[in-house]
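> model the structure of this input:
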Amino acid sequence: MNAASFYAKAPRHLVAVDCIIFGFDEGKLKLLVIKRKVAPMAGEWSLVGGFVQPDESTDDAAARVLKLTTGLDDIYMDQLHCYGDVNRDSGARVISVAYYALIRIKDHDKPLAQEHGAHWLELENMPELIFDHKKMIEDALVKLRDNAQFHPIGFELLPQKFTLSQLRSLYEEIYGRTLDKRNFRKKILSLDVMEKLDEKDKTSSKKGAHLYRFDPEKYEQLKKKGLVFEI
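Prediction:
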């Protein structure tokens, strides 16, 4: 059998990408979700996604979907898993490659997100989602927790300038548990991957709290020393 005949007889499937988009705002870990516009299950809550086009890779498709929905590119994105259960999509035989992304909520294009019917909802109050999207979120959260423990990806969710309290609050949301304030401060400062700024955040008190900024160069120095970022 020649190649043309072999491929012609092969079954055809749709390939999609689904994006689990994490954000952090007002001390809460949030997800960007949409109300599905097409049948089946039109009007139900869904992750942001779309079909892979003939001229693009799954990575390119995920980046395109993120750009179309948030207006952002060059953001943290990582492939999560391939979901191929035969009956996962009631509309057709669809294989989905899921990605999770971390963005700063205040940086995204709010009118563009609203145009696509996207909403930021708290992770702990997530409504029922279509198909296997709940499973995707659960898997993404496990991977986020694993990666955040040993890599500085948590900073991707914070403003460029942040307080130690904001940083601790973020990691408490990621891990789903309370962290000791003193131990967290001691640990994160000992890593020496942040720059302490002269500025202060005085939104919660007159005295204010010092602002910090993640320093990629210091992190690279940490790695060169053979040390591990671990929180």
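
> CA atoms for contacts and neighbours, from now on please.
Will do.

> in which helix or strand would I find Glu199?
Using DSSP states H and E, Glu199 maps to strand 194-201.

> ok, Lys143 - how many residues close by?
Neighbour count for Lys143, taken as other Cα atoms under 10 Å: 15.

> that one: what's it in contact with?
With contacts defined as Cα atoms under 8 Å, 6 or more residues apart in numbering, Lys143 is in contact with Leu80.

> ok, Ala16 next?
Contacts of Ala16 by Cα under 8 Å, 6+ apart are 49-52, 58, 94-97.

> how about a cut-off of 10 Å?
Contacts for Ala16 (Cα atoms under 10 Å, 6 or more residues apart in numbering) come out as 49-53, 58, 61-62, 82-83, 94-98.

> for the closest residue to it other than its chain neighbours, grab phi and psi.
In space, and not counting its chain neighbours, Ala16 is closest to Phe51: 4.1 Å by Cα to Cα, 6 or more residues apart in numbering. Here is the backbone geometry of Phe51 (degrees, to the nearest 10): phi -90, psi 150.

> again with Val94
When read as degrees, to the nearest 10, the backbone of Val94 gives phi -120, psi 130.

> report the contact partners of the residue nearest to it when sequence neighbours are not counted.
Excluding the flanking residues, the one nearest Val94 by Cα to Cα, 6+ apart is Leu14, at 4.7 Å. For Leu14, the contact set (Cα under 10 Å, 6+ apart) comprises 51-53, 92-96.

> now do 7 Å
By Cα atoms under 7 Å, 6 or more residues apart in numbering, the contact list for Leu14 reads 93-95.
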